[in-house]
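[1] compute the structure for the input listed below.
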Amino acid sequence: MRYRSRVTAPAAALIGTAAVLAGGNPAYAGAKTDDAPAPGTAPETLGDPVFPALGNDGYRVDAYHLDFSYDASTALVDATATLELRTTQALTRLSLDALGLDIGTVRVDGRTAAFEQVDEKLRITPVRPLPARARVTVCVTYTADPRRALAHTAWVPTADGFAICAQPDSAHTVFPCNDHPSDKADFTFRITVPAALRAVASGSPVCTEDLADGRTAYTYRSRSPIATELVQITVGDYVVKERRGPHGLPLRDVVPTARAEALEPALALTPGLVEWIEARLGAYPFETYGLLPCNSDDPSAFDFTGLETQTLTLYKPNYLLQAEPKIGSHMMHELVHSYFGNSVSPATWADLWLNEGHADFYGLLYRYERGWADSLGLTTFEARMKDTYARGDQWRKSSGPVAAPNAVNLFDSQRYLGGVLVLYALRQLIGEDAFHAVERAFLDRHRNSSASTQDYIDIASQTCGQDVSGFLRDWLYGTTTPRMPGHPDWTVTPVTPSLTAPRRQSGARWHENSATL
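    Below you'll find the model as predicted:
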C-alpha cells in the first residue's frame, strides 16, 4: 500500500473512455510517438497506461548487483549498479530510468560507453552495437544524495541513515534501472556502512565483512525476482530480531535499537498473521518476512502507513505501538501483498486493483473475524460491502472504473475498496469454494512474474467452470455499478455533482485510506 501526496502526472494521463468501454486495458505495446526511434534505438518507455514514460524497451534485466557505500559524515551514497541484460533486438543505444543520480562512469561489457542524462533517462551508447538476444553487462558508477530535493524520490532519510520507498515509479532515484513491475529481476545487495550502523536489504543475508577501515559490509541476495518498486535497502542504528513462523519460516524484523522492546508486542503478531493467510492462499512465497519500523516518525518522512517492500514491510514506529485491534488488520493487508503485488506483480499500473483490492479483502476478513469494528463502526464484511456498493457510481464518476486508473487517482479508494467489491461480487456469484480455487490458481500460475487484469479474468473463467469474463469486465470497466449477486435489495446512491468531485486533502492528496486502517 502506498498513500501518495504528490500528483505524478497531469490530467492528460487519463485513460480514454473508449478504451474503458472496450472492456480491457489500453494497449500495452510500447510508446506511441510521432517520430520512430532511430534504427537500433529502442523506445524509452514500455507504454504503461498510467505512467507512459516509465520503463525502457529493447532489453530485459536478468539481475541487478547493487554496491552501496554510505558515508555518515556527508550522508551521501557512493554506488555501483551492475545490470545483467538480455537484448530483445539489435541496439546501438539503450536507456535506463535514472533521476537525481550523479553519474560517474558507464561501461558496457567492460568497455567505457558514452552516456547522457535527459529528463529521467540515462541514454547509453556502447562502443559496439549490441546484437539481438545477447547477454550484456552494464555497469554504472554514481553518487546519490538521499536528501536531494527532486520531483519525486524513493529515499527516506533518517537521523542515522535511510530507507527506501520506491512505489510506484521512484526506484530510479536510487539506482539506474528498467523501472517497471513487468521487468522483475534477481537482486544482490552489498552495503558498506560505519561499524556502528547496520545495513539490511530485501532477501537473505549472504555474508558480513569487517573491513580494515572500521567499516562493515553486509551482503544480501534475493531468492525470488523483485520488481524495482519493491526493493528495500536500509541503513541505521538497528537490531535484527529473529523468530520462527509456521513450518519454520524464518522471520526477521529490523528495529531501531532504542525502541526494540516497545515494538515487540507488534512484532510478535507476525507468526499468527502468516498462519492465517497461509490457510487461505497457500505457503508464504518468499524466503523470509518481517517488519522494518523505519527510524523516523517525522510526518513528512513518507506519506503512507505501510509499504510492502519485498520480504520487509516498511512502517513508521509509532503506528506499531498501538494495540492489536488498531494495527492487526493493516498488518494483514501488507502481508497479503507478499502474494498479490510482490509474488505476482501488476503487468501495468492499471492493474493495481489486483494488489490493493486483494490486500484490503483479506485484511477486512481478518478484522471482522475478530470482531474489530472498522473506521465506519461496522463489524461485518457484508455490512461494509453494502456501504461500499452504495458509493459505487459516485466512485466510478470521480475515479473511473476499478481497473482504469490514472496517475492522479491511482491510489484512491476505487483501487482499494472498489477492488474488494469486485472480489466480493465474484465470490457471491461462484461461491466461496470456487473463489478460493480461483485465487490459488492465479497465484500458482503467475508466481514470480507479472499478471494483468485480463490474466485474472482468464484464470477465473478457467477455474470456476463458467465464463465469468463478461461479469468481471462489467465490474472492472463499467461506468455504472452492476447488480450485486445475492443481494437484489442493495441500491446505489444516485450521482450528484457535489458527490462526484474528487476530494482534495492536504498536500494535494487525491485518495482515501485503506479500509484496513
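
[2] switch to C-alpha atoms for all contacts and neighbour counts from now on
    Will do.

[3] low-confidence ranges in this structure?
    Within the chain, the stretches with pLDDT under 70 are 1-37, 498-513.

[4] most distant residue from the middle of it?
    Summary for the chain: using Cα atoms, centre = their mean, the residue whose C-alpha lies farthest from the chain's mean C-alpha position is A212, with a distance of 37.8 Å.

[5] my read is T137 is in a helix, agree?
    No: secondary structure assignment places T137 outside any helix; it is strand (DSSP: H, G, I helix; E, B strand; the rest coil).

[6] just to check, it is in contact with R111?
    No: no contact is recorded between T137 and R111 when judged using Cα atoms under 8 Å, the distance being 10.0 Å.

[7] which residues in the stretch 251-400 of the chain form strands?
    Remark: strands of the stretch 251-400 of the chain, listed N- to C-terminal, are 291-293, 306-307, 313-315, 344-346; assignment by DSSP state E, counting those that start in this stretch.

[8] coming back round to it: T137 and R111: which has the busier surroundings?
    Here T137 and R111 are compared on neighbour count by other Cα atoms under 10 Å; more neighbours surround T137, at 18 against 14.

[9] so how far is D210 from the more buried one?
    Relative to D210, T137 is positioned 29 Å away (criterion: Cα to Cα, to the nearest Å).

[10] now I327
    38 Å.

[11] for G465, same thing?
    For G465 relative to D210 (Cα to Cα), the value is 59 Å.

[12] list the contacts of L352.
    Neighbour list for L352: 346, 403, 410, 415 [criterion: Cα atoms under 8 Å, 6 or more residues apart in numbering].

[13] the residues you listed in strands, which ones?
    Within these, residues falling in strands by DSSP state E are P346.

[14] W395: which of the contacts of L352 is nearest?
    Each of the contacts of L352 was scored against W395 by Cα to Cα, and R415 proved nearest at 10.0 Å.

[15] number of residues surrounding the closest one?
    Neighbour count of R415, defined by other Cα under 10 Å: 31.

[16] is it true that it touches H358?
    No: with contact defined as Cα under 8 Å, R415 does not count as touching H358 (9.8 Å).

[17] can you give me the helices in the stretch 301-450 of the chain?
    Using DSSP state H, counting those that start in this stretch, the helices assigned to the stretch 301-450 of the chain run over residues 324-336, 352-369, 381-390, 392-399, 413-430, 432-446.

[18] among the ones you listed, which is nearest L251?
    Among the helices of the stretch 301-450 of the chain, the nearest to L251 by Cα to Cα is helix 324-336 (12.3 Å).

[19] buried sites along that closest one?
    Buried residues in helix 324-336, defined by neighbour count with 16 or more other Cα atoms under 10 Å: 326-336.

[20] show residues contacting that helix.
    1, 266, 269, 273-274, 277, 306-308, 313, 319-320, 358-360, 362-364, 366-367, 372, 516-517.

[21] make CSV from the helices of the stretch 301-450 of the chain and add distance to A460 to it.
    Supplementary listing: the helices of the stretch 301-450 of the chain in CSV, determined by distance: least, Cα to Cα, whole Å:
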stretch, distance to A460
helix 324-336, 19
helix 352-369, 13
helix 381-390, 21
helix 392-399, 23
helix 413-430, 9
helix 432-446, 5
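
[22] pretty sure K397 sits against G478.
    No: the pair K397 and G478 does not pass the contact test of Cα under 8 Å, sitting 10.5 Å apart.

[23] the two: which has the busier surroundings?
    G478 (21 against 18).
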